[in-house]
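Chemist: Sequence and predicted structure, then a few things I'm wondering about:
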Amino acid sequence: MAIRGPTKDEIENVFPHYARGWESQTEEHEFWFGDEGGKGEIEGEVPAELMGTFLRNGPGLTEVHGTPLKHPIDGDGMVCALSFTNGKVHFRNKYVETYTHKKEKEAGRMLFPGQMGSRPPPGGKLSKYRDPSHTNVFYWGGKVLTCHEYALPHCLDPATLETVGRDSLNGTLDIGTFSAHFRLDAEQDLLCTVAFKAGLEMLKTKPQVRLYEYDRAWNMVRKTKVSVPGLNYAHDFGLTPNWYVLHMSPFVNTSKKFTDAIIKGKTSPGESLRHYPECPSKMVLVERRQSTEAGAAPPRIIQLETEPCHIYHFGNVYETPDGQSLKFNACCLPPGFTMEWQHKLFLGNTGEAPGVMQQYVVDLRGEPTMKRVVIKETERVGCEFPFVNQFRHCVRAGVEEPRFFYLMGGAVGVALPYCDVVKNDLHNERPGKWHSEGIVGEPCFIPRLGEASATHGDEDDGWIIVQHYIPKAHRTEFAILDAKDLSKGPICRLKLGIHIPISFHGTFTHNVFVHPKPKVAPRKAKL
């Protein structure tokens, strides 16, 4: 039985309530849960071992100074931070002060168009797209970075979330972009990132992909430059000890015809993202070379054809200890997928063209070959935003093959809404799910052992934290779940007295940047 699309009754009578989850939040807040004022309360008990900061990014606006946006991806980034310390929780939300956000705030009106087709009123600056910096946020080497893949990242103060400014990472981001997703090499203690610039037939430019690796002092220890015809997009990637894994999407067309249509305002980059049968769909493996010295041999590149699909997000990626095989999974969107904000429910038309998780196995012996394996446990679950233990992004010999990933998914056989947090176990021994009362966001896994979880403890020993919108109450909360057994439901709920719009991606760091003020008992005066 296939995954069904929405019914007429759901579209007319149910989805409008869920769509309110995207409503704007123009105000910035800061408070401790449980303090006077009623802005946040805790139901249940925060795990005593849970210490650190959960960072989450997404569009805070679906209208700009009275001008409605065509798509939430055109909304400005608003970062939320939940700080956990000794059972107490602090909340803060703050907008990323990009150039375009500041200019529109000063003008009191929308000035810049969006890459998803939003247009400002007459008098806007159509030559410059807005920079939302809203797709992801993470902490590394003393910096909090917000990312949007067509621009440089922005650096925030970890304690206050104040915007420090755009950051070229010591001048290393040589093509001026920085994609949303990263991978950690825990053994080498490196942050691995990707950036891209599409090749344009009109300008006779070639596509460019950069793979950068940084230590905790933000020294770039490795850079791999790749130019593969057709590889015009890289939102996410996979990492192993010896390979980067990318997808060449047949949904990105940079021919003169389509570039000209964008320049003339007939369409936008986001609106033009759809399946083009003439464009190839391939998995691209790029050798992760250890040498970055000038004159080093170029990396080996393997291209393997696959069924037409669009991949935003990878799950687990694994290289066998003998180096002869790769295994990875990804959320694959079918040829019918577009970025239409359908029913104002999710970011594309996933009600009609849902994404499903697929497993790929690459045999590197001799002439490389690849086969696709259906993950039966999720083949009837429409899903997106797979999340894995970030300290096991890149496992080496001696650490077992990763088996778990977490998803936001629809009910079995139903495309939308994403009401379930789903745990998939490739061994099919400890799968599970939590069925929420509304819409869930990306489930973020927090390992109980922190960085030590790279090599110690059970892979699923920890918690899931997930943003949860409850339509009946028009209320946002953050639910914390036991990652080993989602079916038990939330250990605790962090209930907000304010609305926070549906967001995109988030990460957890075991660093705490905000602490309660000490309470000093008053002293009695001596007579």
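Modeler: Arrived safely.
Chemist: any weak-confidence spans in the stretch 401-527 of the chain?
Modeler: 519-527 (pLDDT under 70).
Chemist: just the strands in it please.
Modeler: Taking DSSP state E, counting those that start in this stretch, the strands of the stretch 401-527 of the chain run over residues 404-409, 420-425, 432-435, 439-440, 444-447, 462-470, 475-482, 490-496, 505-509.
Chemist: Of those, which is nearest Thr224?
Modeler: The closest of the strands of the stretch 401-527 of the chain to Thr224 is strand 505-509. By C-beta to C-beta, the value is 23.4 Å. From N, CA and C alone the C-beta is placed, and that goes for glycine too.
Chemist: tell me which strands and helices the closest one is in contact with?
Modeler: Packing partners of strand 505-509 (3 or more C-beta pairs under 8 Å, 6 or more residues apart in numbering; DSSP states H and E): strand 52-59, strand 136-140, strand 444-447.
Chemist: Can you add mean neighbour count and distance to Leu111 and give those strands back as a markdown table?
Modeler: A markdown table is the format used below for the helices and strands packed on strand 505-509 (neighbours: other C-beta atoms under 10 Å; distance: least, C-beta to C-beta, whole Å):
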| stretch | mean neighbour count | distance to Leu111 |
| --- | --- | --- |
| strand 52-59 | 24 | 17 |
| strand 136-140 | 24 | 25 |
| strand 444-447 | 24 | 34 |
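Chemist: And the strands of the stretch 401-527 of the chain: which comes nearest Gly165?
Modeler: Of all the strands of the stretch 401-527 of the chain, the one in closest proximity to Gly165, counting by C-beta to C-beta, is strand 505-509 (20.8 Å).
Chemist: Direction included, what does the closest one pair against?
Modeler: Here strand 505-509 has these sheet partners by DSSP bridges: strand 52-59 (antiparallel).
Chemist: What's the first helix or strand after the strand it pairs with?
Modeler: For strand 52-59, the following helix or strand on the C-terminal side (DSSP states H and E) is strand 63-64.
Chemist: who does that next one pair up with?
Modeler: Assessed with DSSP bridges, strand 63-64 is paired to strand 67-68 (antiparallel).
Chemist: could the helices and strands packed on strand 505-509 be laid out in a markdown table, adding distance to Ala195?
Modeler: As requested, those are arranged in a markdown table below (distance: least, C-beta to C-beta, whole Å):
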| stretch | distance to Ala195 |
| --- | --- |
| strand 52-59 | 18 |
| strand 136-140 | 13 |
| strand 444-447 | 23 |
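Chemist: Any idea which of these gets closest to Gly351?
Modeler: Set against Gly351 and scored by C-beta to C-beta, those come closest in strand 52-59, at 20.1 Å.
Chemist: Tabulate the CA atom coordinates of the closest one in CSV.
Modeler: Taking C-alpha atoms only, strand 52-59 is exported to CSV below (Å, rounded to 0.1, in the frame of the first residue of the first chain):
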residue,chain,number,x,y,z
GLY,A,52,24.2,22.0,27.7
THR,A,53,22.5,24.2,25.1
PHE,A,54,20.0,23.3,22.4
LEU,A,55,20.2,25.8,19.4
ARG,A,56,17.5,25.9,16.8
ASN,A,57,17.1,28.1,13.7
GLY,A,58,14.3,28.9,11.3
PRO,A,59,12.2,31.7,9.8
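Chemist: Quick one, which of the helices and strands packed on strand 505-509 gets closest to Leu486.
Modeler: strand 444-447 (11.2 Å).
Chemist: The closest one packs against which elements?
Modeler: Helices and strands touching strand 444-447, by 3+ C-beta pairs under 8 Å, 6+ apart, are strand 52-59, strand 462-470, strand 505-509.
Chemist: one more time with 6 Å, if that's ok
Modeler: Identification of packing neighbours for strand 444-447 by 3 or more C-beta pairs under 6 Å, 6 or more residues apart in numbering; DSSP states H and E yields strand 462-470, strand 505-509.
Chemist: With distance to Lys376 and mean neighbour count added, can I get those in CSV?
Modeler: As requested, these are arranged in CSV below (distance: least, C-beta to C-beta, whole Å; neighbours: other C-beta atoms under 10 Å):
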stretch, distance to Lys376, mean neighbour count
strand 462-470, 23, 24
strand 505-509, 27, 23
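Chemist: Would you mind giving the ones you listed as a markdown table with distance to Phe337 added?
Modeler: Shown next, in a markdown table, are those (distance: least, C-beta to C-beta, whole Å):
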| stretch | distance to Phe337 |
| --- | --- |
| strand 462-470 | 23 |
| strand 505-509 | 19 |
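Chemist: Which one of the ones you listed lies nearest to Met248?
Modeler: Closest approach to Met248 among the helices and strands packed on strand 444-447 (C-beta to C-beta): strand 505-509, 22.5 Å.
Chemist: So what touches the helix or strand of the chain with the lowest mean pLDDT?
Modeler: For the chain, counting by mean pLDDT, DSSP states H and E, helix 256-263 ranks last in confidence among helices and strands (a mean of 89). Contacts to helix 256-263, defined as C-beta atoms under 6 Å, 6 or more residues apart in numbering, come from residues Leu200, Glu201, Met202, Thr267, Ser272.
Chemist: Please identify which pair of those lies farthest apart.
Modeler: The most widely separated members of the contacts of helix 256-263, counting by C-beta to C-beta, are Glu201 and Thr267 (16.2 Å).
Chemist: circling back: of the strands of the stretch 401-527 of the chain, which is nearest Thr172?
Modeler: Closest of the strands of the stretch 401-527 of the chain to Thr172 is strand 505-509, at 21.0 Å (criterion: C-beta to C-beta).
Chemist: now the angle between strand 462-470 and that closest one, please.
Modeler: Counting by axes from the mean of the first three to the mean of the last three C-alpha atoms, to 10 degrees, strand 505-509 lies at 140 degrees to strand 462-470.
Chemist: Give me the contacts around strand 505-509.
Modeler: The contact list for strand 505-509, computed with C-beta under 6 Å, 6+ apart, reads Gly52, Thr53, Phe54, Leu55, Arg56, Asn136, Phe138, Tyr139, Glu442, Cys444, Ile446.
Chemist: Would you agree the fifth one is in contact with Leu82?
Modeler: No: counting by C-beta atoms under 6 Å, Arg56 stays clear of Leu82, with 7.9 Å between them.
Chemist: related to what we said a few turns ago, nearest to Gly336 among the helices and strands packed on strand 505-509 would be which one?
Modeler: Taking these one by one with C-beta to C-beta, strand 52-59 is closest: 24.9 Å.
Chemist: In TSV, list the strands of the stretch 401-527 of the chain along with distance to Arg130.
Modeler: As requested, the strands of the stretch 401-527 of the chain are exported to TSV (distance: least, C-beta to C-beta, whole Å):
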stretch	distance to Arg130
strand 404-409	26
strand 420-425	32
strand 432-435	35
strand 439-440	25
strand 444-447	27
strand 462-470	24
strand 475-482	25
strand 490-496	27
strand 505-509	19
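Chemist: Go through the helices and strands packed on strand 505-509 and name the closest to Val421.
Modeler: For Val421, the closest of the helices and strands packed on strand 505-509 is strand 444-447, at 10.4 Å, according to C-beta to C-beta.
Chemist: Contacts for stretch 54-67 next, please.
Modeler: Contacts for stretch 54-67 (C-beta under 6 Å, 6+ apart): 22, 24-25, 69, 72, 75-82, 108-110, 134, 136-137, 146, 465, 501, 503-504, 506-508.
Chemist: Please apply the same query to stretch 451-461.
Modeler: The contact list for stretch 451-461 (C-beta under 6 Å, 6+ apart) reads Ala186, Asn389, Phe391, Val399, Phe404, Pro447, Arg448, Leu449, Ala483, Lys484.
Chemist: That concludes my questions; thank you for your assistance.
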